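> Only the shape, not the letters, is given here:
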């Protein structure tokens, strides 16, 4: 901890559009302050520092790490940069890192990160904000009660119609293959995480099919199936050529749980549980209202609580490494047209 045990001082790397959610979360969470920010573009770093009250801003990460006394760092950067940035943070003595998804673009790099974190006795949590939302906690509680029965299958979707010709592709990293563009390491990372999280098991085999942009070589559509060791089967759908969908559905022996918007929940939401009335071909529906919550703030609360030794991380690093392995397997399945065994 820094000089005052009542304040956790953080630095943030990457001051693009997404970083604003982390800045706002730090304002909402008591006992936390982002005191320094860094971006390779001076104008963006300066703008965020002025808007959110950072003490200083930088354009070189190493300088920020050397000059600031930080309790942790938030990496709000491209997946291709994460390994190098994590290695530098650890080298400079940073023990706590919140790293935006996806952790990396390969299982080799993900494994390397795991080893580095372990060797430096550090803590790293991947930023997967949806996991911290009360709606996900409610799903977990309903499943834990046991009345709905055993999970049979999981269906997770994240799609939105975003045609290539309508985007500023030269400036958008989501169309840059080297940066992790396309659906695989962006939208689909939520889906893979949710399926792994709720299945309660390790993947056994996967198969996926999709569409790869001829111009940008990124996947704009992926449809996959995951079979887990415990028999649970998961279906994943992510497309930039389909109507908007962010649904999570969990089908059990005695009912079906649905969360209509699962990954970016803004405002109130509702979980529905459908089940058949005994001895009748009649479907009953129970609803659970979920209050509005800031998932980014809840994520930051968990991150800082782990730093203080008060909580366990909602997303342990070994699960993030498993997520990358599974995404990589699905991409390989798409490219080679075959089932990938684990």
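Structure received. All of these numbers come straight from a predicted model, not from anything done at the bench.
> pLDDT below threshold where in this protein?
Scanning the chain for pLDDT under 70 picks out 1-5, 166-171.
> who's sitting farthest from the centroid in it?
Note on the chain: the largest C-alpha distance from the chain mean falls to residue 279, namely 42.0 Å (C-alpha atoms, centre = their mean).
> Relative to residue 150, how far out is it?
Noted for residue 279: a distance of 22 Å to residue 150, by C-beta to C-beta, to the nearest Å. Glycine gets a C-beta too; all of them are placed from N, C-alpha and C.
> Repeat that for residue 41.
From residue 41 to residue 150 the distance is 51 Å (C-beta to C-beta).
> Please determine how far the residue positioned nearest the centre of the chain is located from residue 323.
Of all residues in the chain, the one closest to the mean position by C-alpha atoms, centre = their mean is residue 128, 2.6 Å from it. Relative to residue 323, residue 128 is positioned 8 Å away (C-beta to C-beta).
> how does the protein divide up, domain by domain?
The record's domain parsing of the chain by automatic domain parsing lists 8-128+299-314, 131-295+323-341.
> Compute the number of surrounding residues for residue 115.
9 (other C-beta atoms under 10 Å).
> So it, which state does it fall into?
Judged by DSSP: H, G, I helix; E, B strand; the rest coil, the three-state class of residue 115 is helix.
> Repeat that for residue 236.
strand.
> Any figure for the gap between it and residue 176?
23 Å.
> who's more crowded, those two?
With neighbours defined as other C-beta under 10 Å, residue 236 and residue 176 compare such that residue 236 has more, 27 against 18.
> sorry, back to before: shared neighbours, residue 128 and residue 323?
189, 193 (C-beta atoms under 8 Å, 6 or more residues apart in numbering).
> contacting residues around the residue lying closest to residue 219 once chain neighbours are set aside?
The shortest distance from residue 219 to any non-neighbouring residue, by C-beta to C-beta, 6 or more residues apart in numbering, is to residue 182 (4.3 Å). Contact analysis of residue 182 by C-beta under 8 Å, 6+ apart lists 174, 175, 212, 213, 216, 218, 219, 220.
> Residue 241 is in contact with the fourth one, correct?
Read it as residue 213. No - in terms of C-beta atoms under 8 Å, residue 213 does not count as a neighbour of residue 241; the distance is 10.5 Å.
> the more surrounded of the two?
Neighbours per residue, other C-beta under 10 Å: of residue 213 and residue 241, the larger number sits with residue 213, 17 against 14.
> Name the nearest residue to that one, ignoring sequence neighbours.
Using C-beta to C-beta, 6+ apart, the nearest residue to residue 213 is residue 220, at 5.4 Å.
> Give me the neighbour count for that neighbour.
Neighbours of residue 220 (other C-beta under 10 Å): 22.
> show me where the stretch 1-150 of the chain has strands.
Using DSSP state E, counting those that start in this stretch, the strands found in the stretch 1-150 of the chain span residues 8-13, 32-38, 56-58, 72-75, 96-100, 123-127.
> can you tell me how far residue 81 sits from residue 99?
For residue 81, the distance to residue 99 equals 10 Å [C-beta to C-beta].
> Name the residues contacting each of those two.
Both residue 81 and residue 99 are in contact with residue 75, where contact means C-beta under 8 Å, 6+ apart.
> Counting neighbours, go ahead and name the busier of the two.
Regarding residue 81 and residue 99, a neighbour count based on other C-beta under 10 Å identifies residue 99 as having more, with 25 against 16.
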